[in-house]
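> model this:
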Amino acid sequence: MAQPQIQKPEPLAQKPEPLIAYKGFNPDWTCRDFKYTVGETYTEDAADLCKRGFHACEYPLDIFNYYEPTGQMALVELTDVSDKKDDDSKRVGKSITIKASLTIPLLVAAAIEFTTRFCEPAKAQHATGYSSASSATGDSSASSATGYSSASSATGYRSASSATGNRSASSATGDSSASSATGDSSASSATGNRSASSATGDSSASSATGDSSASSATGYSSASSATGDRSASSATGYRSASSVKGKNAVAMNIGIHGKAMAGKDGAIVLCNHDDDYNIRHIRASKVGENGIKPNVFYVLNDAGEFVEAA
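Numbering: from 1, shown residues only. Predicted coordinates:
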């Protein structure tokens, strides 16, 4: 009698891991007229790049290609992701989970981590190659990355960090540190006390959260934020935003259609321009005076009056 053949069970299909990505939104958490909520999961029955499904970017700073840095930013997970890719790192999936809201410093840190993951370690504290990365962690150290998609990080006391390549990121977290990112879609963050942060590229973002810190963003649609006491924030780009939350801090925005916001003990400075972009009005006010409310963005209208930003 023949022995029965034992059928081996088919191996269970491995479920693909979710893709960790980053997504931008309007200030009210909407994207294409749909409002999202942090912590929620959303699904569709198809994923077709630029046509159907939920879109997000693998490289954090690529979200500035689609949404201004004055909006909301989030860490997300995509599932059932299409193999199609765009010119940048945009991907699409059938499902998206909004994992967490991100600040500019967190986005900068994520960009640095993303870039260094694909780079050979720099032999020195200076990296100029394509997709290069540079890190300096010693006291009084300096770090510079000038290549395309480069990243620079300096965390030592009195350190300095500079990234000038397109889509670059720069972060300096030491006391008295400085951070500068001048490439298009770049971001700069300095969180140490008395630190300074500057981002001058188009769609760039700058954030300085240390006491007595300063933040400046001059690129198109750029954003500048400073939260330390006695700090200053300046944004001069078209449709840019400047905000401060520290005590006795000042938010200045002299850009075309720019807006500014300050905390309850701060002040704002705004300009209004004519059709030829000449300055028509410039006005300053403390919060609590002239109808200025704390933590509300304002613009200056054609009559030189403060009005809440739309």
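> wouldn't S185 be in contact with D202 here?
Yes. Counting by CB atoms under 8 Å, S185 does reach D202; the two are 6.9 Å apart. No exception for glycine: its C-beta is placed from N, CA and C like everyone else's.
> settle it for me: which of the two has more neighbours?
Neighbour comparison, S185 and D202: the larger count goes to S185, with 26 against 18 (by other CB atoms under 10 Å).
> OK, contacts around the more buried one?
S185 makes contacts with 61-62, 64-65, 166-167, 201-204, as judged by CB atoms under 8 Å, 6 or more residues apart in numbering.
> go with 10 Å
59, 61-65, 69, 88, 111, 149, 166-169, 199, 201-205, 219 (CB atoms under 10 Å, 6 or more residues apart in numbering).
> mind listing which of those residues are in helices?
Mapping the contacts of S185 onto helices (DSSP state H) picks out A111.
> excluding chain neighbours, what is closest to P105?
Sequence neighbours aside, S189 is the residue nearest to P105 in space, at 4.0 Å (criterion: CB to CB, 6 or more residues apart in numbering).
> any idea how far that neighbour lies from V307?
Computed as CB to CB, to the nearest Å, the S189 to V307 distance reads 31 Å.
> how about A226?
From A226 to V307 the distance is 23 Å (CB to CB).
> between the two, which has more neighbouring residues?
Just comparing A226 and V307: by other CB under 10 Å the higher neighbour count belongs to A226, 33 against 11.
> pLDDT score for that one?
As predicted, A226 sits at a pLDDT of 87.
> residues contacting it?
190, 195-197, 206-210, 212-216, 232-234, 242-246, 249-251, 266.
> what comes up buried for stretch 248-263?
Buried residues in stretch 248-263, counted by 16 or more other CB atoms under 10 Å: 249-255, 258-263.
> which other helices and strands contact the biggest strand by length in the chain?
Looking across the chain with DSSP state E, the single longest strand is strand 90-101. In terms of contacts (3 or more CB pairs under 10 Å, 6 or more residues apart in numbering; DSSP states H and E), strand 90-101 is packed against strand 19-25, strand 41-43, strand 54-57, strand 72-81.
> okay, and P105 sits in which element?
Using DSSP states H and E, P105 falls within helix 104-117.
> now that helix, how far from the centre of its chain.
On the basis of CA atoms, centre = their mean, to the nearest Å, helix 104-117 sits 10 Å off its chain's mean C-alpha point.
> likewise for stretch 139-158?
18 Å.
> cool, stretch 92-103 as well?
Put simply, stretch 92-103 sits 15 Å off its chain's centre (CA atoms, centre = their mean).
> output it as PDB, restricted to C-alpha atoms.
Extracted in PDB, the C-alpha atoms of stretch 92-103 (Å, rounded to 0.1, in the frame of the first residue of the first chain):
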ATOM      1  CA  VAL A  92       0.900  56.800  -2.100                       C
ATOM      2  CA  GLY A  93      -0.900  54.200  -0.200                       C
ATOM      3  CA  LYS A  94      -4.500  52.900   0.400                       C
ATOM      4  CA  SER A  95      -4.300  53.600   4.100                       C
ATOM      5  CA  ILE A  96      -2.800  56.400   6.200                       C
ATOM      6  CA  THR A  97      -2.400  56.800  10.000                       C
ATOM      7  CA  ILE A  98      -1.700  60.200  11.300                       C
ATOM      8  CA  LYS A  99       0.800  59.300  14.000                       C
ATOM      9  CA  ALA A 100       2.000  62.600  15.500                       C
ATOM     10  CA  SER A 101       2.100  66.300  15.000                       C
ATOM     11  CA  LEU A 102       5.600  67.600  14.300                       C
ATOM     12  CA  THR A 103       7.300  70.900  14.900                       C
END
